[in-house]
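**Q** Let me see the structure of the following:
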Amino acid sequence: LGISRHDSPEERIDALRRLMNGAAMKTERASVCVCVRLVESPDVYIVERLFSSSLMVVVSRLTPFRRNIYYFKKGTEICNYSYSDNILAVKLNRQMLVVCLAEALYIHNIKDIKLLKSLLNTPPNPKGLCALSVNRSSSYLAHPGSFTTGEITLYDALNLLSTFIMVTGISAHASHVAAIAFNASGTNLASASEKVGLRRLCSDIFSMTV
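**A** From the prediction side, this is the model:
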């Protein structure tokens with residue numbers, strides 16, 4: 001985009017003006033990259049956008065315990081929220097916003113960002129591994145169920161207002177989990193360990209058929 005973290009604030013603002021005046025960079029697929037928000041701090045380490053909406057979640061190393069939500073079309077901050085420890089990951093879908101700490105998960109309603117559920121004293125998760133399905137008809141949340149073994153804890157998070165159901169604990173690997181992700185429909189969960197590699201866990205989340 002022509003904007004570097006080493007540029008002065010004046011240089012970055014000037015580059016942004018050029019960008020907004022039509023100097024956009026095209027990718028190999030001929031799509032256009034647009035700078036949606038210019039953050040003065042060079043230490044932003046988490047940026048998540050809610051699909052194609054104008055909502056953007058930002059976390060900076062200057063305040064790693066605070067989550068900021070911006071409406072980038074107007075360049076305004078909607079709200080911020082501070083947690084008890086550093087934020088390691090943020091996940092979004094059309095129902096909720098999930099914030100992952102080293103030993104806790106916080107689930108917010110995406111419509112008003114109100115806190116719906118706090119999962120405290122979860123197994124140590126220093127890498128902030130978690131996955132949230134994005135299908136409209138389902139909402140599953142997965143995170144490591146153990147720091148030493150390859151267990152994954154899976155929740156049904158769709159009916160958070162009435163209950164928060166743990167579907168199952170899955171023994172996925174012999175060693176601890178290195179990565180987890182849902183497919184687009186939320187029916188399959190994939191995971192990897194540092195030793196074993198990729199493994200598809202199930203074709204039906206509820207039946208847990210490997």
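**Q** in this structure, which segments are predicted with low confidence?
**A** Judged by pLDDT under 70, the chain has its weakly predicted residues at 1-42, 159-175, 196-210.
**Q** helix/strand/coil for Val134?
**A** Secondary structure of Val134, reduced to three states by DSSP: H, G, I helix; E, B strand; the rest coil: coil.
**Q** Thought Arg94 was touching it, still the case?
**A** Yes - counting by C-beta atoms under 8 Å, Val134 does reach Arg94; the two are 7.4 Å apart. The way it works is simple: take the backbone N, C-alpha and C, and place the C-beta from them, glycine included.
**Q** These two: which is more packed in?
**A** Val134 (19 against 13; other C-beta atoms under 10 Å).
**Q** Provide a list of residues in contact with the closest residue in space to that one that isn't next to it in sequence.
**A** Taking C-beta to C-beta, 6 or more residues apart in numbering, and ignoring the residues beside it in sequence, Val134 has Asn93 as its nearest neighbour in space, at 4.6 Å. Contact partners of Asn93, counting by C-beta atoms under 8 Å, 6 or more residues apart in numbering, are Ile110, Leu132, Ser133, Val134, Ser139.
**Q** same check, this time on Asn135
**A** With C-beta under 8 Å, 6+ apart as the criterion, the residues that contact Asn135 are Ala184, Ser185, Gly186, Thr187.
**Q** What subset of those is buried?
**A** Using 16 or more other C-beta atoms under 10 Å as the burial test, the contacts of Asn135 include Gly186, Thr187 as buried.
**Q** CSV for the contacts of Asn135, including secondary structure and distance to Val44?
**A** Output for the contacts of Asn135, formatted as CSV (DSSP: H, G, I helix; E, B strand; the rest coil; distance: C-beta to C-beta, whole Å):
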residue, secondary structure, distance to Val44
Ala184, coil, 27
Ser185, coil, 31
Gly186, coil, 29
Thr187, coil, 33
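**Q** so, if you compare the contacts of Asn135, which one comes nearest to Asp43?
**A** Of all the contacts of Asn135, Asp43 sits closest to Ala184, with 32.1 Å by C-beta to C-beta.
**Q** Helices along the chain, start to end?
**A** Residue ranges of the helices in the chain, as given by DSSP state H, are 9-20.
**Q** does Gln95 really touch His108, like I thought?
**A** No - using C-beta under 8 Å, Gln95 is not in contact with His108; the gap is 10.1 Å.
**Q** gap between the two ends of stretch 71-89?
**A** Length of stretch 71-89, first residue to last, C-alpha to C-alpha, to the nearest Å: 20 Å.
**Q** what does it contact?
**A** By C-beta under 8 Å, 6+ apart, the list of residues contacting stretch 71-89 from outside reads 36-37, 46, 54-56, 59, 63-70, 99-104, 106, 108, 113, 125-130.
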